[in-house]
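Asks: Could you look at this predicted model? Sequence included:
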Amino acid sequence: MMLDISEALRAPGAAIPFKHLEPLEPMDVLGQTVTYPEPAVVEGFFTLQDETLVITAQLRVTALANCARCLDSVAYSVDVPVHESFLREDPRDQAEEDPWEERLVFSGHRVDLSHLVLSLAVLDLPIRFLCEGACKGPALLIPQGPNDEKTLDEHPFSALRQLFTKNQEE
């Protein structure tokens with residue numbers, strides 16, 4: 001969605017309060033699907049200074065993913081400050097673009113915040129989502145019964161258990 005900056009164009013230098021809602025699509029982040037059930041909220045001020053639009057705001061959104069240990073659903077609150085400058089671009093200028101240069105630009109009376117909001121939201125996400133610090137993940141069931149030795153040897157972690165037992169005996 002686009003942010004209307006008409007007021008800043010009429011009153012350069014004035015700090016104009018705004019609240020902008022930006023829907024975010026589900027995306028794959030480090031092999032995990034992250035969804036955003038509600039639109040991101042960007043709230044703050046924008047000011048037009050010469051040919052630059054300066055946005056100072058706060059970005060808030062809730063990201064949903066799965067716990068890396070137990071796979072339960074986890075809600076993570078993104079709350080990051082936004083301080084960005086957009087340069088006014090004249091659509092008649094045909095400057096050669098550098099593919100490695102990332103510039104935030106605007107023309108007319110609207111600014112597209114979608115790329116900025118998505119970038120800031122993703123950069124604030126944790127590397128691994130955890131439902132709580134003490135989450136131990138799914139419980140490993142070790143069979144108890146008359147054939148314990150045979151069953152334990154067939155368990156996928158039996159070699160690790162043998163090393164642990166051997167280390168404890170030493």
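Replies: Yep, it's here.
Asks: going forward, measure contacts and count neighbours with C-alpha atoms only.
Replies: Noted.
Asks: what ranges do the helices span in the chain?
Replies: 6-10, 114-123, 148-154, 158-169 (DSSP state H).
Asks: so who does residue 128 touch?
Replies: Residues near residue 128 by CA atoms under 8 Å, 6 or more residues apart in numbering: 67-68.
Asks: Report how many residues lie close to the closest residue to residue 67 other than its chain neighbours.
Replies: Spatial nearest neighbour of residue 67, excluding adjacent residues (CA to CA, 6 or more residues apart in numbering): residue 130 at 4.5 Å. Residue 130 is flanked by 23 other residues according to other CA atoms under 10 Å.
Asks: How about the contacts made by residue 130?
Replies: Going by CA under 8 Å, 6+ apart, residue 130 touches 66-69, 74.
Asks: what about stretch 14-26, how long is it end to end?
Replies: Stretch 14-26 has an end-to-end distance of 36 Å (CA to CA, to the nearest Å).
Asks: Report the rounded mean pLDDT for that stretch.
Replies: For stretch 14-26, the mean pLDDT works out to 93.
Asks: Also stretch 129-144?
Replies: 66.
Asks: what residue lies at the spatial centre of this protein?
Replies: residue 122 (2.5 Å; CA atoms, centre = their mean).
Asks: how many other residues sit next to the closest residue to it other than its chain neighbours?
Replies: Using CA to CA, 6+ apart and skipping residues adjacent in sequence, the residue nearest residue 122 is residue 29, 7.9 Å away. Residues within reach of residue 29, counting by other CA under 10 Å, total 14.
Asks: Look up how far residue 73 lies from residue 29.
Replies: Computed with CA to CA, the distance linking residue 29 and residue 73 is 15 Å.
Asks: Might you report the residue contacts of the closest residue to residue 58 other than its chain neighbours?
Replies: Nearest residue to residue 58, sequence neighbours excluded (CA to CA, 6+ apart): residue 81, at 4.5 Å. Taking CA under 8 Å, 6+ apart, we find residue 81 in contact with 56-59.
Asks: ditto for residue 72
Replies: With contact set as CA under 8 Å, 6+ apart, residue 72 has these partners: 66, 131.
Asks: Kindly report the same for residue 109.
Replies: 4-6, 9.
Asks: cool, residue 67 as well?
Replies: Residue 67 makes contact with 73-74, 128-131, according to CA under 8 Å, 6+ apart.
Asks: how is the protein carved up into domains?
Replies: Listed domain ranges for the chain are 2-123, 140-170 (source: automatic domain parsing).
Asks: Include pLDDT, neighbour count and distance to residue 112 when you put the contacts of residue 81 into a markdown table, please.
Replies: Supplementary listing: the contacts of residue 81 in a markdown table, determined by pLDDT from 0 to 100; neighbours: other CA atoms under 10 Å; distance: CA to CA, whole Å:
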| residue | pLDDT | neighbour count | distance to residue 112 |
| --- | --- | --- | --- |
| 56 | 95 | 19 | 15 |
| 57 | 96 | 20 | 15 |
| 58 | 97 | 16 | 16 |
| 59 | 97 | 20 | 15 |
